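Engineer: Okay, here's the prediction I keep looking at, along with the sequence it came from:
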Amino acid sequence: MIKLKKYLIIFHHELILAINNIQIPFILGNQDISARYKRSKIGAFWITINLLVFIITLSIVFGHLFQNRIEVILPMLATGLIAWNFLSSLILESSKAFVDSGPLILQTNTPILAHLFRVWWRNIIIFFHNILIVPILYLFFDIEFSSHLLMFIPYFFLFNMLLIGPCIVFAILCSRFRDISNILNNLLQIGFYLTPILWSLDNLNSEKVKLFIYLNPFYYPVTLIQKSLLSLPVDIEIILISLLLSLLGIFFSAIFFGIYKKRIAFWL
């Protein structure tokens, strides 16, 4: 119990340092976006354009495959992909955050968690570029506004809470074992097809298969964003399970960070 408390104190101390120096990840994150799209007239909007083309193409293909109307499948697919792109990019880039920032970690006193915040900030920028697709959905598909749209803000906060634990754990693991990032990439590809993005949960007739989907941890964060952006109510079970998973994830990742924090620099 004493060691457990010690590890939590280490994480808390590092988190406070990172928050006090929050300007560092903001500056570095903005520089990452600027460097990635240097000399581009459109900049990060290329990601949004590519995503929009991808959404339209998949909607046509899978609409015919599953015999769904385009006005039904396209909004669900669009919001699902917006959520999934943020989720997958954040997890994959976080897994390499400490490795990519190795020189800064070894040569400066920047809080280690600030390098994760850097990844978080640049992915949030891209997410809010992509979210500009949503008003187009409301315009062309006559989606009704409701008070559920206002729940996007707390659901987005909960969505990020769910990702804190995995991002911290994978960032540490990939610092020690570089092959894990490749394994993680494969797992995310499998998770994409097991999550109701390209297809709807309503298309499943088997309760056993639905139970398997409910065991998929990716189902909950994607559903939170997907439904809130479309002004649809989210089941209370999904909210409670998401909250429970996020708290457990933060707790165990805090302990994991406290145990291995001092070793990260040696692994780099």
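Structural biologist: Received, thanks. Residues are numbered from 1 along each chain as shown.
Engineer: Quick one: the helices in the stretch 151-268 of the chain, in order.
Structural biologist: Per DSSP state H, counting those that start in this stretch, the stretch 151-268 of the chain carries helices over the ranges 152-176, 180-194, 207-214, 219-229, 236-260, 264-267.
Engineer: Can you verify my assumption that F145 contacts L139?
Structural biologist: No. Counting by C-beta atoms under 8 Å, F145 does not reach L139; the two are 11.8 Å apart. No exception for glycine: its C-beta is placed from N, CA and C like everyone else's.
Engineer: how near is E207 to E237?
Structural biologist: E207 sits 15 Å away from E237 when distances are taken as C-beta to C-beta, to the nearest Å.
Engineer: Alpha carbons only: can I get stretch 85-93 in CSV?
Structural biologist: Output in CSV follows, covering the C-alpha atoms of stretch 85-93 (Å, rounded to 0.1, in the frame of the first residue of the first chain):
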residue,chain,number,x,y,z
ASN,A,85,-9.2,8.7,-36.7
PHE,A,86,-8.7,10.7,-33.6
LEU,A,87,-8.6,7.6,-31.4
SER,A,88,-6.2,5.5,-33.6
SER,A,89,-3.9,8.4,-34.4
LEU,A,90,-3.7,9.5,-30.8
ILE,A,91,-2.9,5.9,-29.5
LEU,A,92,-0.3,5.2,-32.3
GLU,A,93,1.4,8.6,-32.0
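Engineer: tell me which helix or strand of this structure sits lowest on mean pLDDT?
Structural biologist: helix 207-214 (a mean of 76; mean pLDDT, DSSP states H and E).
Engineer: List the buried residues in that one.
Structural biologist: For helix 207-214, a neighbour-count test (16 or more other C-beta atoms under 10 Å) marks nothing as buried.
Engineer: Just give me how far it sits from the chain centre.
Structural biologist: The chain centroid and the centroid of helix 207-214 are separated by 23 Å under C-alpha atoms, centre = their mean, to the nearest Å.
Engineer: so for stretch 175-191, what's the average pLDDT?
Structural biologist: Mean pLDDT, computed over stretch 175-191, is 89.
Engineer: again with stretch 100-114
Structural biologist: 85.
Engineer: Only alpha carbons, please: show it as PDB.
Structural biologist: Extracted in PDB, the C-alpha atoms of stretch 100-114 (Å, rounded to 0.1, in the frame of the first residue of the first chain):
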ATOM      1  CA  ASP A 100      10.400  10.700 -31.000                       C
ATOM      2  CA  SER A 101      11.100  13.200 -28.200                       C
ATOM      3  CA  GLY A 102      14.100  11.300 -27.000                       C
ATOM      4  CA  PRO A 103      16.600  14.200 -27.500                       C
ATOM      5  CA  LEU A 104      14.400  16.600 -25.600                       C
ATOM      6  CA  ILE A 105      13.900  14.200 -22.800                       C
ATOM      7  CA  LEU A 106      17.600  13.500 -22.500                       C
ATOM      8  CA  GLN A 107      18.800  17.100 -22.900                       C
ATOM      9  CA  THR A 108      16.100  19.200 -21.100                       C
ATOM     10  CA  ASN A 109      14.100  19.100 -17.900                       C
ATOM     11  CA  THR A 110      10.800  19.200 -19.700                       C
ATOM     12  CA  PRO A 111       8.200  17.100 -17.800                       C
ATOM     13  CA  ILE A 112       7.800  13.700 -19.500                       C
ATOM     14  CA  LEU A 113       4.000  13.900 -19.700                       C
ATOM     15  CA  ALA A 114       4.400  17.200 -21.600                       C
END
